[in-house]
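Peer 1: Coordinates for the following, if possible.
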Amino acid sequence: MTELLAPAGDLEKLKIAILYGADAVFIGGQEFSLRARASNFTLEDIKEGARFCHEHGKKLYVTTNIIPHNENMKDLIEYLKGLEEASVDAIIAASPYIVQTALEHTKIPVHISTQQSVVNSNAVAFWKDMGAERVVLGRELDIHEIKAITEKSEVEIEVFIHGGMCASYSGRCTLSNNMTDRDANRGGCAHSCRWNYDLYANDKLISDEKMPFSMSSKDLQTLRFIPDLMDANVSSLKIEGRMKSIHYIATVVRTYRLLMDEYIATKTVKDMNFYEEEIRKAENRLTSHGFLAGMPKAEQQLYNLRNEEPTKEFLGIVIDYDPITQYATIEQRNHFIPSETVEFVGPRYQRKMTIANIYDESMNKLDAARHPKQILKVKVPFEVHAFDMLRKVL
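Peer 2: Numbers count the residues shown, from 1 in each chain. The predicted model follows:
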């Protein structure tokens with residue numbers, strides 16, 4: 001069975017990912033992780049996360065995927081033993097030294113990070129001989145190359161299916177290092193490829209304020225390739241985004257989960273447009289299929305275009321529901337008003353309704369929900385549950 005693997009930047013996001021359909025979650029600790037600005041987990045958080053995952057029959061992986069310098073190696077063995085004690089199901093590593101250390105000093109399974117740029121069967125076999133149980137392929141492969149690798153592989157193969165793409169080979173970039181003194185391969189990437197630049201040809205400026213030059217790739221979105229990847233016996237389909245919001249994680253995980261379940265049950269997907277529309281409710285950048293259809297063309301890039309716009313569909317998250325009074329307690333995230341048509345979304349349902357009235361915690365009537373994180377009461381004529389999402393109907 002193909003695994004759906006989701007990101008989580010903190011415990012709340014971990015729980016959301018599991019509840020909305022992930023088979024496994026990957027997180028970063030406070031050491032050796034490539035997302036220095038994420039809300040990285042302490043060892044106690046990792047233990048709690050592992051307990052939650054295992055209680056739900058799911059798995060937890062921890063990233064140890066930096067490209068370490070000498071000063072990064074302190075307490076590595078102690079940290080890996082801490083992860084073993086926390087009962088994590090695997091680590092994701094890029095450095096051969098971290099891989100070797102984990103295999104020699106712990107019994108934690110090792111997955112090879114995409115940072116190793118594994119794009120051929122011989123490299124997969126190399127890491128299998130080293131003792132790895134899974135290899136995360138580089139993102140520079142098309143669907144036929146992936147299938148050729150899985151057919152020969154004696155270890156599990158993991159493929160990225162959704163999220164940010166890097167302009168460099170498998171994320172090994174030094175633009176950020178040189179321009180901002182933030183090391184992309186040790187967790188500090190400043191996304192320098194997404195900046196606007198002056199572009200010159202023969203010492204003549206050919207860009208301007210109205211049309212600056214930028215060069216980043218569109219984000220990855222592979223819904224239409226999921227059946228092919230599943231048929232190719234890819235072991236794990238990975239969503240990127242440990243720094244994303246709970247709404248993003250819930251929406252993206254839920255969408256891929258529903259699509260995968262439909263394909264498992266029927267070997268077909270009746271309405272791909274439904275899934276694409278659902279994904280758009282969480283996106284704030286343009287997307288493409290990356291390398292999966294072959295070498296990317298200009299339309300897979302964001303040349304001369306930067307379009308990051310926060311989505312405002314996410315209105316709130318359900319904290320509690322009283323089936324007797326039919327009032328849902330909601331933590332508000334974006335503005336909404338009475339008479340507005342909204343949609344409640346859970347892991348396995350979505351249902352529209354028109355809001356009659358909005359109340360605060362003391363049941364004072366409000367003319368609008370204006371304040372993010374305010375606790376509100378809304379009457380809902382059907383049962384909703386903690387962690388269900390409230391979103392705008394556009």
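
Peer 1: Can I get the lowest-mean-pLDDT helix or strand in the chain in CSV? Just the C-alpha atoms.
Peer 2: When the helices and strands of the chain are compared on mean pLDDT, DSSP states H and E, helix 175-180 comes out lowest with a mean of 83. Once non-C-alpha atoms are left out, helix 175-180 reads as follows in CSV (Å, rounded to 0.1, in the frame of the first residue of the first chain):
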residue,chain,number,x,y,z
LEU,A,175,22.6,31.6,-3.6
SER,A,176,21.3,32.2,0.0
ASN,A,177,24.7,31.6,1.5
ASN,A,178,26.4,34.1,-0.8
MET,A,179,23.7,36.8,-0.7
THR,A,180,22.5,36.7,2.9
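
Peer 1: what does that helix contact?
Peer 2: By C-beta atoms under 8 Å, 6 or more residues apart in numbering, the list of residues contacting helix 175-180 from outside reads 167-168, 182-184, 188-193. Just so you know, the C-beta spots here come from the backbone N, C-alpha and C atoms, and that holds for glycine as well.

Peer 1: can you rerun that using 7 Å?
Peer 2: Residues outside helix 175-180 that contact it (C-beta atoms under 7 Å, 6 or more residues apart in numbering) are 182-184, 188-190, 192-193.

Peer 1: now those residues in a markdown table, with distance to S121?
Peer 2: Formatted as a markdown table, the contacts of helix 175-180 follow (distance: C-beta to C-beta, whole Å):
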| residue | distance to S121 |
| --- | --- |
| R182 | 35 |
| D183 | 31 |
| A184 | 28 |
| G188 | 33 |
| C189 | 30 |
| A190 | 35 |
| S192 | 33 |
| C193 | 30 |
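
Peer 1: Which of those sits closest to Q221?
Peer 2: Nearest to Q221 among these: C193, at 18.6 Å, using C-beta to C-beta.

Peer 1: Around the closest one, how many other residues sit close by?
Peer 2: Neighbourhood size, C193 [other C-beta atoms under 10 Å]: 20.

Peer 1: Verify the stated contact: it with M165.
Peer 2: No: when contacts are counted by C-beta atoms under 7 Å, C193 is not listed as touching M165 (9.8 Å).

Peer 1: would you list every one of the helices in the stretch 101-250 of the chain?
Peer 2: Secondary structure of the stretch 101-250 of the chain (DSSP state H, counting those that start in this stretch): helices at 121-130, 143-152, 175-180, 226-231, 246-266.

Peer 1: could you check the angle helix 121-130 makes with the second one?
Peer 2: Following axes from the mean of the first three to the mean of the last three C-alpha atoms, to 10 degrees, one obtains 40 degrees for the angle between helix 143-152 and helix 121-130.

Peer 1: Not counting helix 143-152 itself, show me its contacts.
Peer 2: By C-beta under 7 Å, 6+ apart, helix 143-152 touches 121, 124, 137, 157, 159, 225, 228, 232-234, 292.

Peer 1: rewinding a little: check the helices of the stretch 101-250 of the chain for me: which has the lowest mean pLDDT.
Peer 2: Looking at the helices of the stretch 101-250 of the chain, the lowest mean pLDDT belongs to helix 175-180 (a mean of 83).

Peer 1: Now do the buried residues in that helix.
Peer 2: Buried residues in helix 175-180, counted by 16 or more other C-beta atoms under 10 Å: 175-177.

Peer 1: Same check on stretch 92-106?
Peer 2: Quick answer for stretch 92-106 (16+ other C-beta under 10 Å): 92-95, 98-99, 101-103, 106.
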